[in-house]
Structures are given as C-alpha cells and as structure tokens.
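**Student:** Provided below for reference: sequence and predicted model.
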Number of protein chains: 2
Amino acid sequence: MTIHSREFRSAAILGTPSDIRIDSLFDGCAGQPATLFAAGSEIYAQGEKAGDLYLIEFGAVRVYRLLADGRRQISSFHLAGEVFGFEAGGTHHFFAEAIGATGIRVIRAGHGADRSRELLPLVLQGLVKAQEHLLVLGRQQAAERVAAFLLDMAARQGDLEEFDLPMSRGDVADYLGLTIETVSRVFSRMKDKGIVRLPSLRRVRILKWDTLRAMSE
Amino acid sequence: MTIHSREFRSAAILGTPSDIRIDSLFDGCAGQPATLFAAGSEIYAQGEKAGDLYLIEFGAVRVYRLLADGRRQISSFHLAGEVFGFEAGGTHHFFAEAIGATGIRVIRAGHGADRSRELLPLVLQGLVKAQEHLLVLGRQQAAERVAAFLLDMAARQGDLEEFDLPMSRGDVADYLGLTIETVSRVFSRMKDKGIVRLPSLRRVRILKWDTLRAMSE
DNA sequence: CGGCTCCTTGAGGACAGTCAATCGGGGTGG
DNA sequence: CCACCCCGATTGACTGTCCTCAAGGAGCCG
C-alpha cells in the first residue's frame, strides 16, 4: 500500500531541533530525490533487515510496537528535519509509518565510510529522550502527560505560540499510554480553563505556558 | 556518603549478557583497580558533567530520574558485566546509584582514541531496550509488567531457573511504574498460582516459564 | 532478644478505561 | 454551492484496576 514517488523533489529541510549537525551524513547521497510516503503507509516493519537511516523532509512519522492483542505503543514521533531508523543487531524491532503525506530521504547504509562518529550523538540523544519518556509513562498522570507532550511538540516547532499536531488523537493516546477518550477529555479541560486554544483538530495554540510547564512538573 | 575503596580488587567479570564485545573498551585501562560503592551510594547525579563510562564487576546499579514531588522512575537496572553511563550533551540527565555493595571499573573519557565505533552498538542496544520498556509502561497491566520483568532478569542471569533479585520491591515498583503494594500483591498471586517460588525476599525461582511468557505477551 | 526496615495484606477510594451515543468538520457528489 | 456522508472526536455513564492509607508480619542486624 506504499506509494513511492521518485518524481517528488524535496522541500527545504526545515532545520534540526537539536544543535547536532547531521549535514555530513548526506555527503554520499546529496541530490538524491526524496521518496513520498502516503498517509498511513509503512516505512519499515518489525523483523525487517535494518541499516538505512531516514531523514524527514516534510510530514511526520510514528515509530511503534504492538502487543499480540493489538495494543500499540508509539515510542516516538519524528518531524521534518529529524532522522530516524536506528536499530540494533541489524533488525528492526519496531514499525515506522508515515502519519500524513511525508517526504523522506533515505540514507543508505554501508556507503563504505564509517558513520559511527556522526551517528553516536544522534543515538545518544534518542536514548535520553526515550528514557525521559519512561518517566512520563511510568509516573505522570493523564493531564501531566498531555502537558509534557504539548510542550515537546511546541519546542520541536520553534516554540511558536501556535503549531500543528500532525497526528490523530489516537496517535497521541498511544504515545502517552492513554485512551483516545482520556486525551480528548484532557484537551477539552485545558481548553475550558483557557490554557490552550484549539483552532482546529490538528492545531494548538498555547495560551498559558507557565501553567502547562507547572503541570508537566 | 560514598565509600570508595581503591584497595578493592575486581572479581572476574561474570560475562556480558549480550553478544556485543566490550573488551576493546578497556585497552586503555587494563589492570586499573575497581572502585567499591556501598549500598545506596551515588555514582553520578543529574546535572553533573558526563563522559566516563562504568563497567560493573559485581553488584547492581539503578539509573533513575525524579519529578519535583519525589516520584521516581528507574529507567534501567544494570548487573555485573554491563556498561552504563552513556549521556548526551556532556551532561548527566539521570542519577545512578549502587543498589547493594557494587564494584565498578571506570572507563575514563578522552583517552585520545575515538571510541564511537565500539560504543555505538552498546548505545543502540540501550535505545532498543528503553523503547521496549516504553511498551511495558504504556500498555501493559501490573501482572504483565512483573512477568516481563522477571523474564528479563532471568535472561540476564543466564536463564537459570533460580536467580537473584538484587533490588528491593520499591525499586521494582519504580522500574515498572507501579507501587510497592501492587508489586507485592502480584508476587504473592504468582506464588499462590505456582508460577514462581520465592525462596527469600531477594531470590526467585521460576516454575512455569510458559505461563510467564504468555502473561508478558 | 529487641528493634529496625522492608514486605505483605486488607479496605476503601480515585483515576483512567470501557461502552455507547452524539457531535462536527472535511470531502464528495449532486 | 449546498447537502450529505463518513470518520474522527467529543461527551456521558459506569466499571475496573491500581493507588492510598493503614495495620500487621517477617527477616536481619546488633
């Protein structure tokens, strides 16, 4: 069900949220066309052979894992300018899907050169983020989780007052370890209290930053 | 309150649970004495300058983070033979403490040589483990979490029928995002059902592996 | 043997989940 | 351009799992 468009030419990279430089990773693949993934299409699956990395040019990606009965945990979202696809042991332990229409540049593995030096800081940052998210899932209540999530999304889009939520309520729920209904209720409550405005389903404007920060502890 | 014993000579490394070779990391510090950390003593703290790595020779370590009101999430336990201390941005984002009396060999940073190549597989494995733990915290119930935890502890001690739990019930609770009482109740229920035996507070014998595996899904 | 800490067990309550009905908005077709 | 449709989101009522509070028990040290 994956749609690949070799025709699609990349938009400008919107800038990396971190200060880690990734430019050098693309020495060997400059000028390569990006691939377009349609909404919901699979980028890689658990069990597949891993090695390549993926740079998002526009759109967003969810990386997740499933339990046997279908319960899903999204371990991370990735936005424009971010790199994902790191794996251990040469095998993917997770699934990756485009959330909306997403342009991705593939960084092929084994270009000869050893990329450890450039990759290590990126992977370390991913490790810290995952471990910080453990605190959210293990010890925070629903409202605290949503507050932390909104602040993270805002920070990754330049701390603008208003920003996009590329993902559905269901995706947010599966990222925060909650249900759709609980996420929806927390959003509504935040709106009622004047903490946020919700101009549309996929858009948020933060009105009370300090309140949100206090909520996320 | 930290006790460092420069006199202490290391016991044999008990073997790495993974198949990743770490020998080469110690080229520059072979023969260095290990340091003894007393039970509960701090190895490093959040906010401290990072860079060194730590190899456990015996004992166990908890790595955790705190919320403002004292809620604690243990992001990982580390046993004999394992390396920890990876950080991003040169600063520790977590606390590390010895659980019981623990012998640790410090791998000093900046020995000149670039360690990226050896480190990357270790960090990648840590990332996968953290992300897998997200699924446990986000989507599994209490009994499933405990089952997954026991299987993990068993696997890291050679899949022996009977093995040590170096940490307290409180540590287990803070690792699994539960309370002491819930962990205790799940243990008791598993004992009642003949799934495990608990020869002592810090020791477990798994009787029904398949049941545990089915529980952890 | 006493006292301490950690663990266990019980009773009751709260937060989030489940089930179900309704709302709303973006897209399509008339 | 408007009406309809459909999927996602919202809201409400109720349930259940886990947390909180509290008391009692077990192991381990001096």
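**Tutor:** Thanks, I have it.
**Student:** Pull the contacting residues for the residue sitting nearest the centre point of chain A.
**Tutor:** Closest to where the C-alpha atoms of chain A average out (C-alpha atoms, centre = their mean) is A:Phe77, at 1.7 Å. Listed by C-beta atoms under 8 Å, 6 or more residues apart in numbering or on different chains, the contact set of A:Phe77 reads A:60-63, A:99, A:166-167, A:171, A:175. Where C-beta positions appear, they are placed from N, C-alpha and C, glycine not excepted.
**Student:** Cross those residues against strands and list the overlap.
**Tutor:** Within those, residues falling in strands by DSSP state E are A:60-63.
**Student:** Keeping just the C-alphas, turn the longest helix seen in chain A into PDB.
**Tutor:** Determined from DSSP state H, the single longest helix within chain A is helix A:116-139. Taking Å, rounded to 0.1, in the frame of the first residue of the first chain, the C-alpha atoms of helix A:116-139 are listed here in PDB:
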ATOM      1  CA  SER A 116      29.800   5.900  13.900                       C
ATOM      2  CA  ARG A 117      31.200   9.300  14.800                       C
ATOM      3  CA  GLU A 118      28.300  11.300  13.300                       C
ATOM      4  CA  LEU A 119      25.600   8.800  14.400                       C
ATOM      5  CA  LEU A 120      26.600   8.400  18.100                       C
ATOM      6  CA  PRO A 121      25.400  11.900  19.200                       C
ATOM      7  CA  LEU A 122      22.100  11.400  17.400                       C
ATOM      8  CA  VAL A 123      21.600   7.900  19.000                       C
ATOM      9  CA  LEU A 124      22.600   9.200  22.400                       C
ATOM     10  CA  GLN A 125      20.000  12.000  22.100                       C
ATOM     11  CA  GLY A 126      17.400   9.400  21.200                       C
ATOM     12  CA  LEU A 127      18.300   7.300  24.200                       C
ATOM     13  CA  VAL A 128      17.900  10.300  26.600                       C
ATOM     14  CA  LYS A 129      14.600  11.200  25.000                       C
ATOM     15  CA  ALA A 130      13.300   7.600  25.300                       C
ATOM     16  CA  GLN A 131      14.400   7.400  29.000                       C
ATOM     17  CA  GLU A 132      12.800  10.700  29.700                       C
ATOM     18  CA  HIS A 133       9.600   9.400  28.200                       C
ATOM     19  CA  LEU A 134       9.800   6.500  30.600                       C
ATOM     20  CA  LEU A 135       9.200   8.900  33.400                       C
ATOM     21  CA  VAL A 136       6.100  10.300  31.700                       C
ATOM     22  CA  LEU A 137       4.600   6.900  31.100                       C
ATOM     23  CA  GLY A 138       5.600   5.400  34.400                       C
ATOM     24  CA  ARG A 139       4.900   8.200  36.900                       C
END
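**Student:** residues in contact with the helix or strand following it?
**Tutor:** Using DSSP states H and E, the helix or strand that follows helix A:116-139 in sequence is helix A:142-155. Residues outside helix A:142-155 that contact it (C-beta under 8 Å, 6+ apart) are A:17, A:136-137, A:140, A:160, A:163, A:165, A:172, A:175-178, A:182-183, A:186-187, A:189-190, A:196, A:204, A:206, A:212-213, A:215-217.
**Student:** Give me the neighbour count for the nearest residue to A:Ile206 once chain neighbours are set aside.
**Tutor:** With C-beta to C-beta, 6 or more residues apart in numbering or on different chains as the criterion, A:Ile206 has its nearest non-adjacent residue at 5.6 Å, and that residue is A:Val196. By other C-beta atoms under 10 Å in any protein chain shown, 21 other residues sit near A:Val196.
**Student:** One more: A:Arg197?
**Tutor:** Here the count is done by other C-beta under 10 Å, and A:Arg197 has 14 residues near it.
**Student:** Same question for A:Lys49.
**Tutor:** Number of residues near A:Lys49 (other C-beta under 10 Å) recorded here: 11.
**Student:** separation between it and chain B?
**Tutor:** Distance, A:Lys49 to chain B, by C-beta to the nearest C-beta, to the nearest Å: 15 Å.
**Student:** Please parse chain A into its domains.
**Tutor:** Chain A resolves into domains spanning A:23-135, A:140-216 when parsed by automatic domain parsing.
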